[in-house]
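Undergrad: Provide a 3D model corresponding to the input given below.
(chains A and B)
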Protein chains: 2
Amino acid sequence: MILVNSEQSDQIAVADRGLQYGDGLFETIAVLNGQLQFWQHHMARLSEGCGRLGIPEPAIPLLLNEARKAAQGQAKGIIKIIITRGQGGRGYRAPKPAQPSRIVAFHPWPDYPEQMHSDGVVLRYCRTMLGISPALAGLKHLNRLEQVLARSEWDEPEIFEGVMSDVNGHLVEGTMSNIFFVDAWGLHTPDLSYNGVSGIMRGRILAMAEALGMYCQTGRFSHRELNQADELFICNSIIGIVPVRELEGLQKQPGPVAQKIIIELNKLRLDNSQHESV
Amino acid sequence: MILVNSEQSDQIAVADRGLQYGDGLFETIAVLNGQLQFWQHHMARLSEGCGRLGIPEPAIPLLLNEARKAAQGQAKGIIKIIITRGQGGRGYRAPKPAQPSRIVAFHPWPDYPEQMHSDGVVLRYCRTMLGISPALAGLKHLNRLEQVLARSEWDEPEIFEGVMSDVNGHLVEGTMSNIFFVDAWGLHTPDLSYNGVSGIMRGRILAMAEALGMYCQTGRFSHRELNQADELFICNSIIGIVPVRELEGLQKQPGPVAQKIIIELNKLRLDNSQHESV
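TA: Predicted coordinates for the structure are as follows:
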C-alpha cells in the first residue's frame, strides 16, 4: 500500500518538487517481527535533514500512523518514507511556507542471499566517483544519480555491492550501504563530512562499539586500508550487518568483530523498546 | 497542459525513478514567436545526456509532437521536458531495458523585470557550494538540491541571480544561468568539466563569439576575475543574454560585448531555421 498525504494513491503531482528537483529526503525502515526497527532514529535523521534543507518537519505521530496503515500489520517488509518540499515556488526558489508531500509505502522484503550473514558477500570497487558536496553530506536526500550510475557498473549476480570513493580518492560508502573495516587498531569507517549517507545502522554500530569498549575511528581512508583490512563488513537498515568474504578478488574472512557486533545488533533487533510496532 | 507519455495528466507514478532518485534529465525550451527556440540543440543535449546516463533516448519526432500539443499554438511560453528512467529496477539498480517516462509541460512566460536586457540585473555570491562530480558535469539532470539550497539564500526581489562556486573555489555558474565575463583579453566562461550545466544559450554564445572573431576562453576562474571584469552577463534559454549591473555591491556597466552578442542572438531568435514551430 502507498499513502500520499494520508490518502491511498500510487500517483504524485508532476509539479511536485521531489520529481522536478529531487527536493526531498527519504527513509528506508525495516519491519521485522512486526516492529518498525529503530523508528526513533529514523525520525531523528529525517528531522535533522528537514532542518538542513529548510523543509517543514512532518508530524511524527502522523507519519507513524501512516507507516502502520501502509504496513497493515505485516510482520516483515520495508516501509519507505519520502518527504518532499511539495509543489510550488518559482524555479529553484522554494515556496514559503512550503507544504511538504508525505509518501509512505510498504514493500516486500527483498530476496537477498540466504546465507549472506554467515558466509559473507562479494564487493567490487566502483569507477563512478561520489561528488564532494558538504551541503548535502550525510543526508538521505533524493539526489541519487551517482548511486544509480555506480550500480549500473555491474550485472554479475554474485557481486552484492560496490564501494564508492570520492573524487579525491577517499573511501565513502557502498552504493546502498555504509562500510566498516577492522585492523590491528580496531574498527574504522569513513568520515562523512563531505559526502555519503549517515546510515542509521552505521550510527547504531558506532554506539554499540563504544558500549562494547571497542576502539572505533571515523576518518579518511583509501582502497589501501580496505585491501589490507583483516575484516570488512557493510551495513544498512535492511540488511543489518553483513560480512564481506571477497573484495575485488581479494579473499576476506568474516571475522570475530563483525560477529560480535552482529550478536549485539540481534539483541537490539529483539528489544522492542528500540522500535514501534506496526 | 501537461502530457505524461502522450496522455494528458498532471500525475506521475510514485514508483517513477525520477521521484525516487532524481534519475532523469530535463530541458527548458523557450517558445517565442510561436517557435520552439533552438529545438535541435536542446534535443542534441537531451540525447547526449540519455547516452551518459544509459537512459534509452526518446523518439525526437514524438517529443516534438508532444511539445506542439502541450503548447497548443501559443506564441510565447516555456516547454519543459522531463525524461526519467521510468519505473522498475531494484533499488538503485536500473531495469533493463528501461521504459523511460516522458513529461512535456507548457508553462506561461515568467514575469521577469521588463528592463533587464537594457538595464542589467543584480547578482550576489552564494555560500552554497557546488559539488565536484565529473560523472554528472554538464548534464541538465534532476538532482538539483544544491541549486535549491543556493536559491534559498536570498529573498530580496532586487537580486536576480546568485553565483555559485565549487568546493575548490572555482566559479561554475548561476543557480539557473551560465555566466560570462569580459576583460582586456576577451570573453571568458567557466569550464564545466567537473560540475555545472552546459547551457544551450552558453553553447550558442560560444559559437556566436567564434563566428564574430572574438577571443573566447573557457577556464577556471574565481571571484577575483568576476570582481575585476569590465563586463559581465548571464544567460539561459529563457532569459537569453542579460547584462549584469551589480555584483555583490560592485557596480558593473552593461557593455559593448554583451550588446554585440545580444544583437546576434536576436537575429538567431528570429531565424526560424534554428527553431521548430509549435
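Undergrad: any idea which helix or strand carries residue A:88?
TA: Using DSSP states H and E, residue A:88 sits in no helix or strand.
Undergrad: and it, how many neighbours?
TA: Residues near residue A:88, counting by other Cβ atoms under 10 Å in any protein chain shown, number 15. The way it works is simple: take the backbone N, C-alpha and C, and place the C-beta from them, glycine included.
Undergrad: and what of the one 3 residues further on?
TA: The local packing of residue A:91 (other Cβ under 10 Å) involves 16 other residues.
Undergrad: then residue A:224?
TA: 10.
Undergrad: that one and residue A:250, how far apart?
TA: To residue A:250, residue A:224 is 12 Å away according to Cβ to Cβ, to the nearest Å.
Undergrad: overlap in contacts, those two.
TA: Common neighbours of residue A:224 and residue A:250 are not found (criterion: Cβ atoms under 8 Å, 6 or more residues apart in numbering or on different chains).
Undergrad: contacting residues for residue A:22?
TA: Applying Cβ under 8 Å, 6+ apart, the residues near residue A:22 are A:141, A:142, A:143, A:144, B:21, B:22, B:142, B:143, B:144, B:145.
Undergrad: what's the closest non-adjacent residue to the residue of chain A most remote from its centre?
TA: In terms of distance from the mean C-alpha position of chain A, residue A:90 ranks first, at 31.3 Å (Cα atoms, centre = their mean). Leaving aside its sequence neighbours, residue A:90 sits nearest to residue B:110 (Cβ to Cβ, 6 or more residues apart in numbering or on different chains; 6.9 Å).
Undergrad: my guess is residue A:29 contacts residue A:40, does it?
TA: No: taking contacts as Cβ atoms under 8 Å, residue A:29 lies outside contact range of residue A:40: 10.9 Å.
Undergrad: more neighbours, these two?
TA: Using other Cβ under 10 Å as the criterion, residue A:29 and residue A:40 rank with residue A:29 on top: 26 against 13.
Undergrad: secondary structure of that one: a helix, I assume?
TA: No: applying DSSP: H, G, I helix; E, B strand; the rest coil, one finds residue A:29 to be strand, outside a helix.
Undergrad: how about it: what's its closest non-neighbour residue?
TA: Counting by Cβ to Cβ, 6+ apart, the residue nearest residue A:29 is residue A:79, at 4.5 Å.
Undergrad: list the contacts of the one you found.
TA: Residue A:79 makes contact with A:28, A:29, A:31, A:36, A:67, A:70, A:71, A:104, A:105, A:106, A:107, according to Cβ under 8 Å, 6+ apart.
Undergrad: tell me the pLDDT at residue A:274?
TA: pLDDT for residue A:274: 89.
Undergrad: repeat for residue A:256
TA: 89.
Undergrad: and it, how many residues sit next to it?
TA: Residue A:256 has 11 nearby residues by other Cβ under 10 Å.
Undergrad: where's residue A:208, which helix or strand?
TA: helix A:200-211.
Undergrad: which elements pack onto the very next helix or strand once past that helix?
TA: Using DSSP H and E, the helix or strand that directly follows helix A:200-211 along the chain is strand A:216-219. Counting contacts by 3 or more Cβ pairs under 8 Å, 6 or more residues apart in numbering or on different chains; DSSP states H and E, strand A:216-219 is packed against strand A:186-190, helix A:200-211.
Undergrad: buried set for strand A:216-219?
TA: Buried residues in strand A:216-219, counting neighbours by 16 or more other Cβ atoms under 10 Å in any protein chain shown, are found at residue A:216.
Undergrad: contacts for it next, please.
TA: Strand A:216-219 has contacts (Cβ under 8 Å, 6+ apart) with A:185, A:186, A:187, A:188, A:189, A:190, A:191, A:192, A:206, A:209, A:210.
Undergrad: all the helices of the stretch 101-250 of chain A, residue numbers only.
TA: Along the stretch 101-250 of chain A, counting by DSSP state H, counting those that start in this stretch, helices occupy A:116-119, A:145-151, A:200-211, A:223-228.
Undergrad: show me where the stretch 51-200 of chain A has strands.
TA: Secondary structure of the stretch 51-200 of chain A (DSSP state E, counting those that start in this stretch): strands at A:77-84, A:101-107, A:121-125, A:159-165, A:171-174, A:178-183, A:186-190.
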